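# sequence plus the predicted model coming up.
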Amino acid sequence: MLQVEQLETGYGKKQVLFGLSLEVRQGETIAIIGPNGAGKSTVLKAVCGLIQPWKGQIRFEDQLLNGSTPAKNVRRGITFAPQGNRVFPDMTVMENLEIGGCQLPKHQLRTRIEQVVEMFPILRERPKQVAGKLSGGEQQMVALARALIPKPRLLMLDEPSLGLSPGIIKDVFERIETISHETGISILIVEQKVREVLNICNRVYSLRLGRIAFEGQPEELTGDKSKLKDLFL
C-alpha cells in the first residue's frame, strides 16, 4: 500500500532522513520507534505532504506522492493526526469532526460522522462541548475520530499517548487496536511508549539518526530487552 524508497529529506538545510526505506501493507499496523531526534515524525510529515522529498520516492497504492500536497493526499486516502495540539480548542466537538470531512459533500459528511462516533460514544454525548475544555484523553479521541472522518485507507498517528496518564494511554491503544480490527485501515504509528505500541503492531521499524536501525517483528524486541535498550542508546 505505502512504499517509501531511499527517502532523503529535512528542514531548510538540515538533513534528517538518509536513504530511508519502509513499507506498509494493506491492513497492517506498523510502528516507528526510536530515540528523540531520530526522524520519526519527519517520516509521517513527508508521507502526508507537509515536507517534500529531496531524493527517493514515496508511493501510495502505486501513485507517486512526490510533490503532492496534504489536501491531495487526504483525497487519496491518507490522514494524519499530529502530536501535541490535538484539537481546535475554541471549536466544539462537532465542529472539529466537520473539519475532518471538509472535502466531503454535506450529506456524506453527516453520514460519516454518525458512523465514526459509534466508535467513540463519549463524543456522541458531547457534540456541543468546546473541545479545549475536554480532558487530554477525550481530546485524543476527538483527534482520532476527526482523522477517520474522510474514511482513510492509511491512518498516520504521531505519538497519540503524548501527555496522557497511564490509564488513558491504555484506553487509547485499545481504541487504536479496535479501529484496525474493525475497519481494516492500515495504520502507521510513531510512538515513544514502546511496550504499548509493540503489543498492537504487526511490524516495527526503529530509527536512529535518520536511518533504519532495526526492521522486524515486535516479538523480536519484546523478547530481547538488551536489543531494545541498544536501539535507544
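In hand now; what should we look at? Residues are numbered from 1 along each chain as shown.
# contacts and neighbour counts: CA atoms only from here.
Fine.
# double-check that residue 207 belongs to a strand.
Yes: counting by DSSP: H, G, I helix; E, B strand; the rest coil, residue 207 falls inside a strand.
# pairing partners for it in the sheet, please.
Beta bridges link residue 207 to residue 212, judged by DSSP bridges.
# top helix in the chain by residue count?
Ranked by residue count and defined by DSSP state H, the top helix of the chain is helix 166-183.
# now that one: buried residues?
Applying a neighbour-count criterion of 16 or more other C-alpha atoms under 10 Å, one finds 168, 169, 172, 173, 175, 176, 177, 179, 180 buried in helix 166-183.
# just the closest of these to residue 80, please.
Set against residue 80, the nearest of the buried residues of helix 166-183 by C-alpha to C-alpha is residue 176 (13.7 Å).
# roughly how far apart are the closest one and residue 58?
25 Å (C-alpha to C-alpha, to the nearest Å).
# same deal with residue 178?
28 Å.
# now swap in residue 109 and tell me
Computed as C-alpha to C-alpha, the residue 109 to residue 58 distance reads 29 Å.
# same check, this time on residue 67
Between residue 67 and residue 58 the distance, using C-alpha to C-alpha, works out to 10 Å.
# what does the longest helix of the chain contact?
For helix 166-183, the surrounding residues in contact (C-alpha atoms under 8 Å, 6 or more residues apart in numbering) are 27-29, 137, 140-141, 160-161, 185-187, 196-197, 200.
# show the buried residues in those residues.
Buried residues within the contacts of helix 166-183, counting neighbours by 16+ other C-alpha under 10 Å: 27-29, 137, 140-141, 160-161, 185-187, 197, 200.
# can I get those residues in JSON lines including distance to residue 219?
Converted to JSON lines, the buried ones among the contacts of helix 166-183 look like this (distance: C-alpha to C-alpha, whole Å):
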{"residue": "27", "distance to residue 219": "19"}
{"residue": "28", "distance to residue 219": "15"}
{"residue": "29", "distance to residue 219": "14"}
{"residue": "137", "distance to residue 219": "28"}
{"residue": "140", "distance to residue 219": "28"}
{"residue": "141", "distance to residue 219": "28"}
{"residue": "160", "distance to residue 219": "22"}
{"residue": "161", "distance to residue 219": "21"}
{"residue": "185", "distance to residue 219": "22"}
{"residue": "186", "distance to residue 219": "20"}
{"residue": "187", "distance to residue 219": "18"}
{"residue": "197", "distance to residue 219": "12"}
{"residue": "200", "distance to residue 219": "11"}
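# narrow the residues you listed to those in strands?
The members of the buried ones among the contacts of helix 166-183 that map onto strands under DSSP state E are 29, 186, 187.
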